[in-house]
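Enquirer: need the 3D shape of this:
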Amino acid sequence: MPISISDQAFEELLFQKTVNNCQYSDPDDHLDITYYYPKPFGQGQWREIHLRQGLLLAIGDLCLSDRVIFEMPETESSLHYHFHFSGEHEDKYTSIGSRQYIFHGSGFTPKTKSQCYCEHPFLEITFIVEPELLLSFAGDSEGQLPQQLHHLIRASHELKYHRCGNATLPMQRLAQQILHCPYRGIAKRMYLEGKVWELMGILIAQEMEIHQGKNYLQPLKPDVVDRIHHAREIILQRLDNPLSLNELARQVGLNECTLKQGFRCCFGTTVFGYLRHYKLEQARQLLETGEMKITEIAHAMGYTSRSPFAAAFRKQFGMNPKEYQKLQRNSV
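Expert: Here you go, the predicted model:
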């Protein structure tokens with residue numbers, strides 16, 4: 001039986017600052033608070049970090065006991081980015097699942113109902129940016145955004161802009177780096193704010209591309225999408241002996257150019273960029289188990305030595321393998 005509750009009532013339950021309901025996640029930062037999810041709805045944590053005036057970062061890690069329906073009132077929204085590692089939710093205007101995101105601008109949000117499903121755990125990051133802060137970064141000498149971005153900041157009576165999509169691998173990498181931030185105090189705040197603005201930069205670039213009508217963000221035909229996903233399956237089946245681009249394209253019935261363009265459209269990276277990202281994600285999971293040495297993991301992932309593996313790992317996750325392994329041991 002689904003649970004129905006108003007958004008205001010739920011927030012009153014979640015954001016109670018009591019000894020049993022919240023804790024300071026970082027002893028060096030009183031603006032970094034973790035709240036425990038209300039027990040009638042499930043279990044888990046919701047962490048909020050106020051990075052600066054007008055910029056909030058949140059990380060949710062929770063399991064729902066049942067489907068939850070939130071009754072959302074009419075409201076004036078700020079700019080908002082919401083990424084799911086896992087978990088699903090939908091409302092009248094948007095629907096996202098694992099490895100997907102919602103990005104919306106400021107403006108009017110109509111009254112609606114939002115449903116969160118309980119089949120899978122939720123792991124998500126969110127950041128909220130006030131329009132004034134974005135203008136201070138991206139505005140011109142007169143405090144205005146470029147014409148291509150005017151839709152991101154709308155008046156309180158205008159319906160907000162929104163866009164859903166599959167997170168590109170650079171987006172996923174930045175989200176992982178936020179999730180596994182290795183620092184505390186002021187270093188943590190600077191690190192996390194940098195990652196948030198990197199993500200914002202990717203989103204802004206996409207908005208500019210969409211406005212200019214670039215092809216790689218346009219929808220692909222369903223048959224081509226199926227073939228691109230088949231190509232990904234072949235890649236993952238042949239990790240130790242990958243096909244050339246020409247061979248892969250031939251196997252899925254596409255020409256090489258369509259394969260490359262379609263792969264970037266579906267997954268936000270090149271064919272071999274996807275393969276590299278996947279292998280490094282496998283390496284990260286092996287590091288968490290602690291069952292293999294770093295050099296052994298490097299060789300298992302196809303690297304000839306530890307040094308290039310460490311460089312690639314640091315580029316993807318923001319720290320080298322040894323630092324990541326140490327972080328995991330300290331968190332146990």
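Enquirer: every contact and neighbour count from this point should use C-alpha atoms.
Expert: Noted.
Enquirer: grab the nearest non-local neighbour of residue 164.
Expert: Leaving aside its chain neighbours, residue 164 sits nearest to residue 102 (4.5 Å; criterion: Cα to Cα, 6 or more residues apart in numbering).
Enquirer: hmm, that neighbour is touching residue 82, no?
Expert: Yes. Shown here, residue 102 and residue 82 form a contact pair, counting by Cα atoms under 8 Å, at 5.2 Å.
Enquirer: which parts of the strand or helix carrying residue 283 are buried?
Expert: Element membership of residue 283, judged by DSSP states H and E, is helix 271-289. Buried residues in helix 271-289, counted by 16 or more other Cα atoms under 10 Å: 271, 274-281, 283-284, 286-287.
Enquirer: now do it: distance to the chain's middle.
Expert: The chain centre lies 17 Å from the centre of helix 271-289; the measure is Cα atoms, centre = their mean, to the nearest Å.
Enquirer: mean confidence for that helix?
Expert: The average pLDDT for helix 271-289 rounds to 87.
Enquirer: stretch 81-100 now?
Expert: Per-residue scores along stretch 81-100 average to 87.
Enquirer: same check, this time on stretch 36-44
Expert: 91.
Enquirer: roughly how far does residue 264 sit from residue 251?
Expert: 18 Å (Cα to Cα, to the nearest Å).
Enquirer: okay, those two: which has more neighbours?
Expert: Legend: neighbour count by other Cα atoms under 10 Å for residue 264 and residue 251, higher for residue 264 (20 against 15).
Enquirer: surely that one is in contact with residue 273?
Expert: No. Residue 264 is beyond contact range of residue 273, at 9.6 Å (criterion: Cα under 8 Å).
Enquirer: residue most distant from the centroid, the protein?
Expert: Most distant residue from the mean C-alpha position of the chain: residue 250, 32.8 Å away (Cα atoms, centre = their mean).
Enquirer: helix/strand/coil for it?
Expert: Of the three states, residue 250 takes helix under DSSP: H, G, I helix; E, B strand; the rest coil.
Enquirer: in contact with the closest residue to it other than its chain neighbours: list those residues for me.
Expert: Of all residues not flanking residue 250 in the chain, residue 256 sits nearest, at 7.9 Å (Cα to Cα, 6+ apart). Contact analysis of residue 256 by Cα atoms under 8 Å, 6 or more residues apart in numbering lists 245-246, 249-250.
Enquirer: where do the strands sit along the stretch 1-150 of the chain?
Expert: Along the stretch 1-150 of the chain, counting by DSSP state E, counting those that start in this stretch, strands occupy 3-6, 22-26, 29-36, 42-52, 55-64, 68-72, 75-77, 79-86, 89-90, 95-96, 100-104, 107-109, 112-116, 122-129.
Enquirer: so which of the ones you listed comes closest to residue 226?
Expert: Closest approach to residue 226 among the strands of the stretch 1-150 of the chain (Cα to Cα): strand 100-104, 18.0 Å.
Enquirer: and the angle from the closest one to strand 122-129?
Expert: 20 degrees (axes from the mean of the first three to the mean of the last three Cα atoms, to 10 degrees).
Enquirer: from the contact counts, what lies against the helix or strand bottoming out on mean pLDDT in the chain?
Expert: The helix or strand of the chain with the poorest confidence is helix 321-331; it has a mean of 78 (mean pLDDT, DSSP states H and E). Judged by 3 or more Cα pairs under 8 Å, 6 or more residues apart in numbering; DSSP states H and E, the packing partners of helix 321-331 are helix 271-289, helix 306-317.
Enquirer: show me what counts as buried in the lengthiest helix in the chain.
Expert: In the chain, with assignment by DSSP state H, the single longest helix is helix 185-212. Residues 188-189, 191-193, 195-196, 199-200, 204, 207-209 are the ones in helix 185-212 that count as buried (16+ other Cα under 10 Å).
Enquirer: could you single out the nearest of those residues to residue 143?
Expert: Using Cα to Cα, those come closest to residue 143 at residue 204, 16.8 Å.
Enquirer: distance to residue 147 and mean neighbour count added to the strands of the stretch 1-150 of the chain, as JSON lines?
Expert: Conversion of the strands of the stretch 1-150 of the chain to JSON lines gives the following (distance: least, Cα to Cα, whole Å; neighbours: other Cα atoms under 10 Å):
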{"stretch": "strand 3-6", "distance to residue 147": "37", "mean neighbour count": "14"}
{"stretch": "strand 22-26", "distance to residue 147": "41", "mean neighbour count": "17"}
{"stretch": "strand 29-36", "distance to residue 147": "35", "mean neighbour count": "19"}
{"stretch": "strand 42-52", "distance to residue 147": "27", "mean neighbour count": "18"}
{"stretch": "strand 55-64", "distance to residue 147": "23", "mean neighbour count": "20"}
{"stretch": "strand 68-72", "distance to residue 147": "31", "mean neighbour count": "19"}
{"stretch": "strand 75-77", "distance to residue 147": "21", "mean neighbour count": "17"}
{"stretch": "strand 79-86", "distance to residue 147": "17", "mean neighbour count": "21"}
{"stretch": "strand 89-90", "distance to residue 147": "30", "mean neighbour count": "17"}
{"stretch": "strand 95-96", "distance to residue 147": "28", "mean neighbour count": "18"}
{"stretch": "strand 100-104", "distance to residue 147": "17", "mean neighbour count": "21"}
{"stretch": "strand 107-109", "distance to residue 147": "17", "mean neighbour count": "20"}
{"stretch": "strand 112-116", "distance to residue 147": "30", "mean neighbour count": "18"}
{"stretch": "strand 122-129", "distance to residue 147": "19", "mean neighbour count": "22"}
